[in-house]
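Peer 1: Here is my input, please return the structure:
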Amino acid sequence: MDRATAKAIAVAALRSAAEINNLVPLLKATCPEPEYEAWRDRIAEASMLVTQGLLPAVFAEHADLEAELDDHYQRFGRPA
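Peer 2: Below is the predicted model:
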């Protein structure tokens with residue numbers, strides 16, 4: 001796959017994981033503790049599946065993207 005497509009996939013994976021992770025404070029504020037903990041764990045698992053399911057393959061083909069996206073995240077605090 002070309003680099004632009006690989007970057008689009010990586011950014012989408014990172015943004016998707018970030019988006020669902022952002023639900024955790026809402027759940028903490030609105031759910032009873034046992035329900036919150038169950039949803040928190042589900043969200044963590046889903047986030048991991050998205051990133052680990054896509055990013056290793058992208059970075060295997062375009063290793064330089066990992067450093068580029070990490071640098072962007074360090075500078076701006078969000079996926080590219």
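Peer 1: what about the helix or strand that contains Met48, average pLDDT?
Peer 2: Using DSSP states H and E, Met48 sits within helix 33-61. Regarding helix 33-61, the rounded mean pLDDT is 96.
Peer 1: Can you list the helices and strands that the strand or helix carrying Ala4 packs against?
Peer 2: In the assignment (DSSP H and E), Ala4 maps to helix 3-21. Using 3 or more C-beta pairs under 8 Å, 6 or more residues apart in numbering; DSSP states H and E, the elements in contact with helix 3-21 are helix 33-61, helix 63-76. Where you see a C-beta, it was placed from the backbone N, CA and C, and this is true even at glycine.
Peer 1: From the contact counts, what lies against the helix holding Met48?
Peer 2: For helix 33-61, the packing partners by 3+ C-beta pairs under 8 Å, 6+ apart come out as helix 3-21, helix 24-30, helix 63-76.
Peer 1: Tabulate the helices and strands packed on helix 3-21 (TSV), appending mean neighbour count and distance to Arg15.
Peer 2: Formatted as TSV, these follow (neighbours: other C-beta atoms under 10 Å; distance: least, C-beta to C-beta, whole Å):
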stretch	mean neighbour count	distance to Arg15
helix 33-61	14	10
helix 63-76	12	11
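Peer 1: I'm done for today, thanks for sticking with me.
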